[in-house]
Every structure is written in structure tokens, then in C-alpha cells.
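Engineer: test case, fold it:
(chains A and B)
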Amino acid sequence: MRVSKRATSAIALSAAAALVASGCSSGGDGETAASADGSIVVHGVQPENPLVPSNTTETGGGKIVDWLWTGLVEYPNDGGAPRNALAESINTTDSKVFTIKIKAGTKFHDGTEVKAKNFVDAWNWAAYSPNGAQNGTFFADIAGFDQTYTSDPDGADGPKKAPTPTAEKMSGLKVIDDQTFEVTLAAPTAVFPTKLGYSAFMPLPDVFFTKKAEEFGRNPIGNGPVKFVSWDDNALIKLTRFDDYNLRDKMKVKDVDVKLYQDDNAAYADLLANNLDFMEVVPTSALAGDKWKTDLGDRGRSTVTPSTAFIAFPIYDKRFQNPKLRRAVSLSINRQEISDKIFFGTRKPADSWANPLTPGAKPGNCTACKFDPATAKTLLAEAGGFSGEMVFYYNADSAHKDWMDAVAQQVKTNLNINARAEGVPTFAVFRQNVNAYKMTGPYRAAWQQDYPDVENWVNPLFVTNGSSNDGLYSNPEVDTLAKQASAAPSLEASHEAFAKAVEKVDQDVPSIPVYFYGQQSGHSEKIKKLELNNVGEIDITSVEL
Amino acid sequence: MGRYLLRRLLQLVPVFIGTTFLIYWLVWAVPGDPFAGKCGERRCPDQYIAFMTEKYHLDQNVFVQYGNYMKNLLQGDFGQTFQQREISDIILTSYPNTLKLALVALAIEAIIGLSAGVLSGLRRNGFLDNLVLVSTLFLIALPVFVVGFVLQWLLGVQWGIIKPTVSSEMRWSELIVPGFVLGSASVAYIARVARTSIAENRRADYVRTAIAKGLPMRRVVGVHLLRNSLIPVVTLLGTDLGALMGGAIVTEGIFGINGIGRQVFRAIITKESATVVGIVVVLVLVYLVMNLLVDLLYAALDPRIRYE
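Structural biologist: Residues are numbered from 1 along each chain as shown, chains lettered A, B, ... in the order given. Prediction:
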């Protein structure tokens, strides 16, 4: 998952609707000519790490990685089911052994051909734990991963070190010929092909393996529609069209400059003055009173993004172990009011467990997401009330104070619980407490999917030992159902089974969906047409001037 | 003079060690695990944390870490950030930008502040004097970010005279407005100090003598009066360069300048002691050297001052 480093933490993410720009259709003929050697400047932030796909977990670098690389599958801009990109075909009979055939004759930016071994080598590199790739665990589905990836027996803080892995390569990967490779999973996983569009699964050119990963990442070579030109730290990343690109559409403009800002307001001023061509998320200060609409007019656009804000319960704390109490808290929150009063309607009240834009998600399946203070009071009484103070925690380095305060106030008013919200200074300290299971009250959480499928909204969050199940929620029934769903022979069957698992989750209310994220972006007058991709980023191949 | 210089230079050593250790320790003491928030709402893989912890010796105590750091620093190795970039590269790219901005601010301060000060000092209680008094009061009262946002919005967005942010080429012409913003408060102080100093010396015996000798007014003011009145102003300007560089963070943010301010801020948030210290080391040196220069300038301006 990628983390947005923006101050608003308005996570700009997955699988969304593509919109064709409405504004500025004044141009007539000459348009294609303007596009052909035109250039655009888009908003960016300094990537956290050198640009190696399997080591990029934040949006600053992730966006550029997405442009520089094209994977086996890609996620359509409209958020629909993934389709083959570099893959010619992905075949399986049992969701366990996949034969992947890639298109012949596609090239990396250094002119070498993309072959099956470029995938196998790249995946093996990322899954070999001493390489320290942040996305290493994405390969856990593949047979032999447990031999290449070892964990620290007493956690990262403990004195012991992780043992050196016994194998350097995963046994489940086999190159068959230049265009074909076979992937054997440890257990059947219907959603595996969907995952292949995530940046961790990108191919790496041969030259990557001859130098240090950091060095490669400062001068990355991908296989996507744009190639890397230069990187002036904290100032500018220059990209240019890759003329040999033969997957999907070529870029219509020639050069893309990613201007790296530290301050959203500076970028917004540039956008207003047409000095910046695209800004993904306008600053929170511009949302108040719909200022951005007045400022930008038809250059602004509002989209929904499939990410959800939650309030999670520390279920390891005895006081929060009664599902009735958790449901009571959830029912006492007036989500519509928070959406209207605090977010000016830019974020929609949540009414389902998985974001409704995700393939396989069922809209409206969160029965605990209604506003029903009367039932809430009854449930609280049945749960035996709540004694002491209920503190809602959030990280104070992002714009969360207002809505968390509102939540606490509503709980206080509607349930007569002594509730208040408290900010933890930084996200790092906040996450440190969450990771150590030391939270003493409900806390803010947000989830953005790694790949568009309902599986990504259940397994990591609600299954015992899920990678982001930080509240230690555990229900054997959910585990069994989710396991069956993951191993289903087809995606349809998998989605049906996940729906059943979610029904169980809905009864337990391990966390509270509060709102669905929205995204307000803006572009300059010179852009005639643009689409946003499934993660709300600009689709640079669609831009016309 | 030589001995004085040597003594002053030797004094730099304990100051240098003291400041760097304090800063290293302070950043180290900032709560929060640098890798706790790095992977978002999911804990980072143990292997990644172990890899980074070992690479940056984070499992050692702060004294050992600092010792390692200083050992490398003395060999010219500033170390690497948690993003595996050379800190020396960051210093080399961001320092010139901040220095450029600070120099522009300093020039604006000197030119506007000094002329306003001299003019109002010569005509005390006149219209000009009062105008300077009121306008400097106004500038001092306004926080830098207000001046910055207002000018950016008016000149950049509304009137389109300048680009709202500075491009990565950092042209001098683009730096005039940010430089004015950065130097705006200091302009006011320079003007006031210069005014007082001029007004005081205006009544000094040597000025009266010079006028009585029949020297032209331009020579009296330009050579005799100004030179002697400059000492407090030079002190202010000299020490201000360091303050401007260290205080540029807000201006850099508003105008999107890639300077040291954002680097220090980012490094503090991510608990990168090495980066913070690396940048501050250079800043400390700027302060110390500027102070030394100011002291030496005194001797040049006032022949009565001698250093042994």
C-alpha cells in the first residue's frame, strides 16, 4: 500500500472513475500539433526512496513508478476489472499454477527486450529478504517464498536477527522460454492475476542486477510510456516520451516535468497562475467554503477515490471486546453531518465495508453505519455501559482534528460516554503505538487498496494475523470464509464467498467505516483533455493540449 | 592580528563539537520510530527494519552513534539519508539555493534599510522620518508568512507580474520578491538602527568640525558620518546572514525553493540525525565566520579599534 505524505493525508488512491476534462475545448485543428511536441508540468513530491518498484510504498515515488513501468495487467481508468497489458495471456485451471505468456517485442527504455526472465529475476530479488525490499511480502503467495524470506524471530526490536534465507530463488517461479513463465502458488489464490498490476510485480531490465539497487533507482529504466531523463532532488524530475512504446496508447505530449513541491499552497498558487498544469489534490485550505470551485471554475474536477476512512478499535483492550459496545459507538455517529459540515460534501458518508468502487464490493452492506442514536443507547445499556473516558486518537500532523473531534462529540452527546479526541504529534509516533498494540482508545485509520478487488479489503484488515489487522480482531468464522473465498476457482465465486465473510464482519463491527475519500483536482488552461487513472493520478497518455 | 585570528579560529572547535552533539542528541530524542510510519497503515516488514537499523547503526546508543558520525564527518563523509542518498549531495544542492536567497535578502535589506535610515536620520522628525517610522512598524508587525502569501497572491496570481513559485534554475530575477519577503522584517530593523546612529553622530564634534571647515555636505555625510555610523548596522547585517539562512524555511516553503529549510524540516520529522547535523554544521560555520568577519570589519571602519 502506498502512503500519501501530503499534509491532508487525503490519500489519492485506487480504482476510480475516469473523467474527460470538460473545460477549454476552444481549440480546433492545430490541437494534435500542439500536443506532439508539447510539454506539461505536473505536481509531485520528492520520492522517499530511489525509484525501484518493489521498494516504493508511497505516492510521491509510486506515481512516477506507475508512469515509468507497464505491468502484466493494468487497471482500467474506470475502475473496472483488470485487463492484460504486457501479458498476452494468463492461464490457469486451478488458481494455483499460472502460465503467463508475455507479448513479444516490447522494450525497456535501454533498448533491451522485455523477457520472461526479467519478471522472474525481479520477483526473486524482491522476495529475497536480505535485499530489504519494502514490498517483499507481496510475493508471499508464491511457492518457496518461505525459504527466501525470513522474519525476525523476536521482532525488529529484539536482540535476535533474522536467519539468512535458505534459498535465493522462489521454487514456484519457472522460466519456460523467452516469452513464457510459470508461477506456482503455495495455495490456490483466485485474486493473484489481479495483483499483477501492482508496482511490486514490475519487470526489471538486466542492467538492474549488475549494480546497486540505489544506483539503479536514481536513474531508473522501465518499460512504460515515458522514460526517465533526470532527477534534480526536491526540485524537478524530467520524463520524456518513450517512442518505442507499443503497448496501449503512446503519449500525445512529449515531455512531462514533475515539479517537486514541499508545500501544497505553493503548488496551488502555481496552478491558479497556469504555471502548473495538473494538481492531483487541491489543498484542504481551498476546500473550505468551496473556494476551489470559485478559483478554478471549469478547470477543477471532483472525483471519488476508492479509499475509506475508518475508526479502528483496539480489540486487545478488554473494554472494547463487546461487539454491542462497538456497534453502539458506530450507530451514534452521524456520518452525513460530518460529510456536510466538515468536508463540504467532498467526502461521502460510508455505508459499506469495502469501498463500493472496488470490484466485488457490495454497496450498503454495513448495517452498523446507519445513524440510529436510540438503538445505540439500547445496545450500550445491553453491553453494560462504558465506564471511564473514551479517547479517540489521531495523528495531529495531518488534517484529522476536525472530524475526529466531531466523532467524539457525537459519541458524547448521543451515548453519554465521556468521550474526547486527542492528537498524537506525528504519524510515526502514532503508528509506533498502533504497531506495538498500545492504543487505549479507538483510533483513526484509513485504507487504500493495493489492487482493485474486495479481497484486499478483507484479508489484510479482518482476518486473524492480517497485515493491517492492527486491532487484533479475530473471528474463526471470518477466517474460514475468507480462506475459502481466496481459494475459490474463479473471481466471481471468490466475490460471492467474500460477501459472506463480510456479513460476519458486519455483526462484529471490528472497526467503523466513517467516510469514503473524494478527490478534488485542477488543471491549467492549456490542457484540453485528460483522464485520471484508477488511483486518481493523471493518466499521462491521455493528456492533449 | 594574527594571534587574534588564531584564537578566534580555535574557539570554533569547542563550539562546533558542542552544537553538533546537542543537535544530534535532540533529534535522536524526538519520539517516534523512524520506520514505524514509513509503510503506512501496515507495519514495515521486519527485514526492512532490520536492514535499515543495521545500516544506520540505530541499535547503538546515542554516544556511539554520534562518535561514528563524527569519525566519518572528519573524513569528509557526511553519511546517507534513510532514503539512501548522500547527505553531501543534499547539502551541495540545497545550500547554494538558500545562500542565493539570503544574499538577495541581505542586499535588499542593505539598500532599502540603509537609504531609509540615512534619509530619516538626517531629517529627524520630518515627514520622511515619520513615514519610515510608520512603515517599518508595519513591516515588523507583519509575520513573514503573511507578507509572503499576500505578495505571492497579488503579484503572482492576481496581477501575473511574477511566477508564483521560483523555478528550479533559481534565476536572480525570480528571487527578488522572495528575497524581499525574507528580508522584510530586517529591513525595518536596519532602517531604525541606521537612523538612530546617524542622528546621534550628526551632532558629534567631528561632524561639526567637518561642516565648519566648509566641506561639501555630500562628503561630510558620505565619508565622515556614514562610515562611523555603520558599525551597528554592519553588526546587524553580518549576523543576519546566518539568521536569514536558518530562518528561510517559511519563505522557501511559500515560493517552492529547494533550500536547506525543507531539508532540515523533513529530516527532523523522519529522525535523520545525520542530515540535520550535516546541514546545521555548515550553518554553524556560517554564523561563526560571519561573526569573525564582522569583528574584523570593525577595525576597518573605526581606526581606533585594534585587535591583539
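Engineer: only C-alpha atoms for contact and neighbour calcs from this point on.
Structural biologist: Will do.
Engineer: hang on, isn't B:I279 packed against B:V264?
Structural biologist: Yes - B:I279 is within contact range of B:V264, at 7.2 Å (criterion: Cα atoms under 8 Å).
Engineer: please enumerate the helices of the stretch 251-400 of chain A.
Structural biologist: Counting by DSSP state H, counting those that start in this stretch, the stretch 251-400 of chain A has helices at residues A:264-272, A:284-287, A:291-296, A:323-331, A:335-337, A:373-382.
Engineer: what packs against the shortest one?
Structural biologist: What it means is helix A:335-337. strand A:348-349 (3 or more Cα pairs under 8 Å, 6 or more residues apart in numbering or on different chains; DSSP states H and E).
Engineer: quick one on the thing from earlier: possible to save the helices of the stretch 251-400 of chain A as TSV with mean neighbour count and mean pLDDT?
Structural biologist: Below are the helices of the stretch 251-400 of chain A laid out as TSV (neighbours: other Cα atoms under 10 Å in any protein chain shown; pLDDT from 0 to 100):
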stretch	mean neighbour count	mean pLDDT
helix A:264-272	24	90
helix A:284-287	16	84
helix A:291-296	16	90
helix A:323-331	25	95
helix A:335-337	19	95
helix A:373-382	18	94
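Engineer: got the ones you listed as CSV, with distance to A:F108 columns?
Structural biologist: As requested, the helices of the stretch 251-400 of chain A are arranged in CSV below (distance: least, Cα to Cα, whole Å):
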stretch, distance to A:F108
helix A:264-272, 32
helix A:284-287, 39
helix A:291-296, 39
helix A:323-331, 50
helix A:335-337, 48
helix A:373-382, 58
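Engineer: ok, residue 145 - contacts?
Structural biologist: Unless you meant another one, I'm taking chain A. Taking Cα atoms under 8 Å, 6 or more residues apart in numbering or on different chains as the contact definition, A:F145 lies against A:127, A:139, A:170-171.
Engineer: meant chain B actually
Structural biologist: Taking Cα under 8 Å, 6+ apart as the contact definition, B:F145 lies against B:250-251, B:254.
Engineer: so how far is B:E252 from it?
Structural biologist: 10 Å (Cα to Cα, to the nearest Å).
Engineer: and for B:D240?
Structural biologist: Distance check for B:D240 against B:E252: by Cα to Cα, it reads 17 Å.
Engineer: between those two, which has more neighbouring residues?
Structural biologist: Set B:D240 next to B:E252 and count neighbours by other Cα atoms under 10 Å in any protein chain shown: B:E252 wins out with 27 against 22.
Engineer: was I right about that one contacting B:F265?
Structural biologist: No - with contact defined as Cα under 8 Å, B:E252 does not reach B:F265; the gap is 11.5 Å.
Engineer: and A:A488, what helix or strand is that in?
Structural biologist: According to DSSP states H and E, A:A488 maps onto no helix or strand at all.
Engineer: what about chain B, any weak spots by pLDDT?
Structural biologist: Scanning chain B for pLDDT under 70 picks out the ranges B:1, B:37, B:40-41, B:308.
Engineer: how is it carved up into domains?
Structural biologist: With domains defined by automatic domain parsing, chain B comprises B:2-87, B:91-301.
Engineer: which of those sits most buried?
Structural biologist: A comparison of these by mean neighbour count, using mean count of other Cα atoms under 10 Å in any protein chain shown, puts domain B:91-301 on top with a mean of 19.
Engineer: so B:F51: helix, strand or coil?
Structural biologist: For B:F51, the assignment made with DSSP: H, G, I helix; E, B strand; the rest coil gives helix.
Engineer: could you point out which of the domains of chain B sits nearest A:P349?
Structural biologist: domain B:2-87 (21.0 Å; Cα to Cα).
Engineer: most neighbours, which of the contacts of A:F145?
Structural biologist: Result: A:A127 is most packed of the contacts of A:F145 (other Cα under 10 Å), 31 neighbours.
Engineer: in space, what's closest to that one - neighbours in sequence excluded?
Structural biologist: Distances taken as Cα to Cα, 6 or more residues apart in numbering or on different chains place A:G136 nearest to A:A127, at 4.8 Å, with adjacent residues excluded.
Engineer: and A:A436, how many neighbours?
Structural biologist: Neighbourhood size, A:A436 [other Cα under 10 Å]: 11.
Engineer: hey, where'd the strands end up in the stretch 101-250 of chain B?
Structural biologist: With DSSP state E, counting those that start in this stretch as the criterion, the stretch 101-250 of chain B has no strands.
Engineer: what parts of it come near chain A?
Structural biologist: Residues of the stretch 101-250 of chain B lying near chain A by Cα under 8 Å from any Cα of the partner chain: B:152-153, B:156-158, B:160, B:163-165, B:168.
Engineer: quick one: which two of those residues are the most distant?
Structural biologist: The most widely separated members of these, counting by Cα to Cα, are B:Q158 and B:S168 (22.6 Å).
Engineer: now do the contacts for B:I190.
Structural biologist: The contact partners of B:I190, taken as Cα under 8 Å, 6+ apart, are B:109-110, B:113-114, B:117, B:233, B:236-237.
Engineer: next: B:G156.
Structural biologist: Going by Cα under 8 Å, 6+ apart, B:G156 touches A:269, A:273, B:162-164.
Engineer: is it true that A:Y517 touches A:T308?
Structural biologist: Yes - at 5.8 Å, A:Y517 and A:T308 qualify as touching, with contact defined as Cα under 8 Å.
Engineer: longest helix of chain A?
Structural biologist: Counting residues, the longest helix found in chain A (DSSP state H) is helix A:491-508.
Engineer: just checking, what packs against the next helix or strand after that one?
Structural biologist: As assigned by DSSP H and E, the chain's next helix or strand after helix A:491-508 is strand A:511-523. On a contact count with 3+ Cα pairs under 8 Å, 6+ apart, strand A:511-523 meets strand A:278-279, strand A:300-312, strand A:348-349.
Engineer: and the ones you listed, which is most packed in?
Structural biologist: strand A:278-279 (a mean of 26).
Engineer: on the three-state scheme, B:C44 is what?
Structural biologist: B:C44 - assigned by three-state DSSP - is coil.
Engineer: check contacts around it.
Structural biologist: Going by Cα under 8 Å, 6+ apart, B:C44 touches A:134, B:35-36, B:38.
Engineer: turn the residues you listed into CSV, columns for secondary structure and distance to B:V221.
Structural biologist: Listed next are those as CSV, based on DSSP: H, G, I helix; E, B strand; the rest coil; distance: Cα to Cα, whole Å:
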residue, secondary structure, distance to B:V221
A:Q134, coil, 68
B:F35, coil, 62
B:A36, coil, 63
B:K38, coil, 62
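Engineer: tell me which two in the residues you listed are the farthest apart.
Structural biologist: Every pair in those was compared (Cα to Cα); the two farthest apart turn out to be A:Q134 and B:A36, at 12.6 Å.
Engineer: residues in contact with A:V41?
Structural biologist: Going by Cα under 8 Å, 6+ apart, the list of residues near A:V41 reads A:256-259, A:275-278.
Engineer: try it again with 7 Å
Structural biologist: Neighbour list for A:V41: A:256-259, A:276-278 [criterion: Cα atoms under 7 Å, 6 or more residues apart in numbering or on different chains].
Engineer: ok, and the most crowded of those?
Structural biologist: Within the contacts of A:V41, most neighbours by other Cα under 10 Å means A:F278, with 29 neighbours.
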